[in-house]
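Colleague: attaching a predicted model along with its sequence, questions to come.
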Amino acid sequence: QVQLVESGGGLVQAGDSLRLSCAASGRTFGAYAMGWLRQAPGKEREFAAAISWNGGSTYYADFAKSRFTISRDNAKNTVYLQMNSLKPEDTAVYYCARARYSMATSGHEFEYWGQGTQVTVSS
């Protein structure tokens with residue numbers, strides 16, 4: 001059983017930064033890619049970023065490039081998403097997810113999901 005618990009969301013102003021965290025249960029955390037996806041009101045869930053099993057490779061959606069950074073600490077079973085220069089259009093529920101394999105580059109490659117954390121960016 002894989003459990004993912006996100007934290008770090010909140011209400012910020014445009015231009016601010018936030019760091020999301022996701023704590024994962026299970027002994028096999030370090031064997032799988034992890035990712036972050038988001039869902040804005042009235043929109044479909046979209047892929048934001050992914051990181052390979054050992055942190056050696058990362059992959060970002062176009063909107064996340066240059067502003068978001070995904071990282072992981074396998075010793076702590078935790079994955080992070082550092083978000084800088086936030087925009088109102090970044091407002092969404094952000095979900096942590098575990099991939100099926102050791103790397104992922106799209107939202108279709110994840111099989112376990114957290115409950116999400118709300119990020120709201122005011123203008």
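Modeller: Good, I have the coordinates.
Colleague: now for the lowest-mean-pLDDT helix or strand in the chain, which elements pack on it?
Modeller: Lowest on mean pLDDT, DSSP states H and E among the helices and strands of the chain sits strand 110-113, with a mean of 95. If contacts are counted by 3 or more CB pairs under 8 Å, 6 or more residues apart in numbering; DSSP states H and E, strand 110-113 sits against strand 92-99. From N, CA and C alone the C-beta is placed, and that goes for glycine too.
Colleague: quick check: which element contains the nearest residue in space to residue 8 that is not next to it in sequence?
Modeller: Leaving aside its chain neighbours, residue 8 sits nearest to residue 20 (4.2 Å; criterion: CB to CB, 6 or more residues apart in numbering). Assigned by DSSP states H and E, residue 20 belongs to strand 18-24.
Colleague: so which residues of the chain form strands?
Modeller: 4-7, 10-13, 18-24, 34-39, 46-51, 58-60, 68-73, 78-83, 92-99, 110-113, 117-122 (DSSP state E).
Colleague: can you list those strands in TSV and add mean neighbour count?
Modeller: Shown next, in TSV, are these (neighbours: other CB atoms under 10 Å):
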stretch	mean neighbour count
strand 4-7	18
strand 10-13	13
strand 18-24	19
strand 34-39	24
strand 46-51	23
strand 58-60	19
strand 68-73	18
strand 78-83	22
strand 92-99	23
strand 110-113	17
strand 117-122	17
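Colleague: at the geometric centre of this protein, which residue do we find?
Modeller: When CA atoms, centre = their mean is applied to the chain, the residue found nearest the centroid is residue 36 (2.2 Å).
Colleague: contacts only, for it.
Modeller: 20, 22, 48-50, 68, 70, 79, 81, 94-97 (CB atoms under 8 Å, 6 or more residues apart in numbering).
Colleague: equivalent analysis for residue 3, please.
Modeller: Listed by CB under 8 Å, 6+ apart, the contact set of residue 3 reads 24-26, 114.
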